[in-house]
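> I would like to see how this sequence folds:
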Amino acid sequence: MIKPTGAWLTVNRACNFRCAGCYAQGTDYEPTKNMSLELAQQLLELLETLNIHNLIVIGGEPTLWEHLFDFNKLCRQRKIKTTLVTNAMKFGVDSFWDKYQLSPNTKAGISVKAFDETSLKQITGVNLFETTRKGIERGVSFFRCGVSAVLGSVNADKLVDLAKFAMDCGARSFSISPCTPAFCSGAPDGSSVLHPHNIVQTIVEVYPKLDEVTKGRLLLSIKLPLCIWPEGFVEMLVKKNQIRTVCQLHRRMGLIFDVDGKLALCNSLFEYTVGQFGVDFYGKESLLKLMNSPATIALYDKLTSYPSTKCVGCDKYNVCAGGCPLFWSLYNPDDIIFGNV
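Numbering: from 1, shown residues only. As a prediction, this is how the structure comes out:
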């Protein structure tokens, strides 16, 4: 039986960046798409009945959400812990930062896009580098957290620069996750996605320098079949506690709510929802019924099926799952996966 243990609230779609390869680019970053405080409260009540007391707040850029401070106060009253996923640029605005510190989230996941004025303009389309730097420095100091970066075609040769910038900002750690296809009107967009074999080559080549720059405080969210990495590389990452593999989709444990209460199984698949709060489910029992319905199970099965016959019987599949299924919307897995060799 599927019983979710984690939740993501997509509170808005507006964003102050326009990053290449963003999974949400298909939303057009519509500023009017905001979750109401009433709906957010109703979803909190629902999550409490499921014994979920930790949730992730995402966007868009959630620091632009008009209800953020009131929502954070509400969560504290209910003893619900929240992690804010942000680019931290608003943290660099003094007036916002002064107010935010009075009603903060429990934790923050800060995403670093660039390391200087030129790269920020190239990747995000904005010129506010010093404001962004200040925001990242404030965020990592306040939350004592690390930062993350997405590896795509626009920054494949800049990972070390990003890592140095992150550590200079005081980051406790630096994590890297490959860019996956974004879906726009039902079609996958791979314009910023590196070929899986190029991802492997890029990371393996710069790993020694990344490990040095971060003083070992490095985390690689692999998202790729383990069999395509050089022999011994994954084992080394495991030994150094520097690797993350399967996501919540493979574990079937997450609830991703959009601004209007629609429920998806993956952040990048917001166009493919399984139901909507107040329409298809209202409380714990009706939600669990929906999550365990034949239609939802069939969708999970399709998304998490063996990408290749080479995966069948693989002794690493339980920790690998054949990589992120989004890649297989662009590539033939039989051309990528090696299997047990």
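> residue ranges with poor pLDDT in the protein?
20-29, 341 (pLDDT under 70).
> how near is the residue positioned nearest the centre of it to Asn127?
In the chain, the residue lying closest to the centroid (CA atoms, centre = their mean) is Asn267, at 7.5 Å. Separation of Asn267 from Asn127 (CB to CB, to the nearest Å) stands at 28 Å. All C-beta atoms are positioned from the backbone trio N, CA, C, and that covers glycine.
> could you pull out the helices for this protein?
37-49, 68-77, 94-100, 117-124, 129-143, 159-168, 196-213, 233-239, 248-251, 284-291, 294-303, 317-320, 333-336 (DSSP state H).
> show me which positions of the longest one end up buried.
The one in question is helix 196-213. 196, 199-200, 202-203, 206-207, 210-211, 213 (16 or more other CB atoms under 10 Å).
> same thing with the third one?
Burial within helix 94-100, assessed by neighbour count using 16+ other CB under 10 Å, is assigned to 96-97, 100.
> next one: the last one
For helix 333-336, the buried set under the neighbour-count rule, 16+ other CB under 10 Å, comprises 333, 336.
> now what about it, what contacts it?
Here helix 333-336 makes contact (CB atoms under 8 Å, 6 or more residues apart in numbering) with 196-197, 225, 228, 307-310, 322, 327.
> over to the first one?
Surrounding helix 37-49, the residues in contact under the criterion CB under 8 Å, 6+ apart are 7, 9, 11, 53, 55, 67, 70-71, 74-75, 78, 80, 255, 257, 260-261, 277-278, 283-284, 287.
> give me the phi and psi for Gly216.
phi 80, psi 0 (degrees, to the nearest 10).
> okay, now it: neighbour count?
12 (other CB atoms under 10 Å).
> ok, now Ala295?
10.
> thought it was touching Val274?
Yes. In this structure Ala295 lies within contact range of Val274 using CB atoms under 8 Å: 7.1 Å.
> picking up where we left off before, filter the contacts of helix 37-49 down to the ones in strands?
7, 9, 55, 255, 257 (DSSP state E).
> if I look at the last one, how far off is Phe165?
With distances taken as CB to CB, Phe257 is found 33 Å from Phe165.
> what about the two, which has more around it?
Using other CB under 10 Å, the more surrounded residue of Phe257 and Phe165 is Phe257, with 25 against 22.
> what residues does the more buried one make contact with?
7-10, 35, 43, 263, 277.
> how near is the nearest residue to Glu66 once chain neighbours are set aside to His250?
Closest residue to Glu66 apart from its sequence neighbours, by CB to CB, 6 or more residues apart in numbering: Asn34 at 6.7 Å. Taking CB to CB as the measure, Asn34 falls 31 Å from His250.
> same deal with Val147?
Separation of Val147 from His250 (CB to CB): 25 Å.
> among the two, which residue is more densely surrounded?
Each of Val147 and His250 has its neighbours counted (other CB under 10 Å); Val147 has more, 25 against 19.
> dig out what the more buried one forms beta bridges with.
Taking DSSP bridges as the rule, Val147 bridges to Ile110, Phe174.
> start at 42, not 1
With the count now opening at 42, the last piece we talked about shows up as Val188.
> ok, back up a step: list just the nearest of the buried residues of helix 135-141 to Lys148.
Set against Lys148, the nearest of the buried residues of helix 135-141 by CB to CB is Tyr141 (13.7 Å).
> check contacts around that closest one.
104, 109-110, 131-132.
> before we move on, what about Ala155?
Going by CB under 8 Å, 6+ apart, the list of residues near Ala155 reads 161, 163-165, 170, 173, 196, 203, 206.
> what subset of those residues is buried?
The neighbour count (16+ other CB under 10 Å) marks 161, 164-165, 170, 173, 196, 203, 206 as buried among these.
> dump those residues to CSV, plus distance to Gly180.
Output for these, formatted as CSV (distance: CB to CB, whole Å):
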residue, distance to Gly180
Leu161, 16
Ile164, 19
Thr165, 17
Phe170, 15
Thr173, 10
Asn196, 20
Leu203, 16
Phe206, 14
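> which one of the residues you listed sits closest to Tyr358?
Asn196 (30.6 Å).
> got the contact list for the closest one?
155, 160, 164, 190, 203.
> what is the burial count for the closest residue in space to the second one that isn't next to it in sequence?
In space, Ser160 comes closest to Lys199 once its chain neighbours are excluded; the distance is 6.6 Å by CB to CB, 6+ apart. For Lys199, the number of neighbouring residues by other CB under 10 Å comes to 19.
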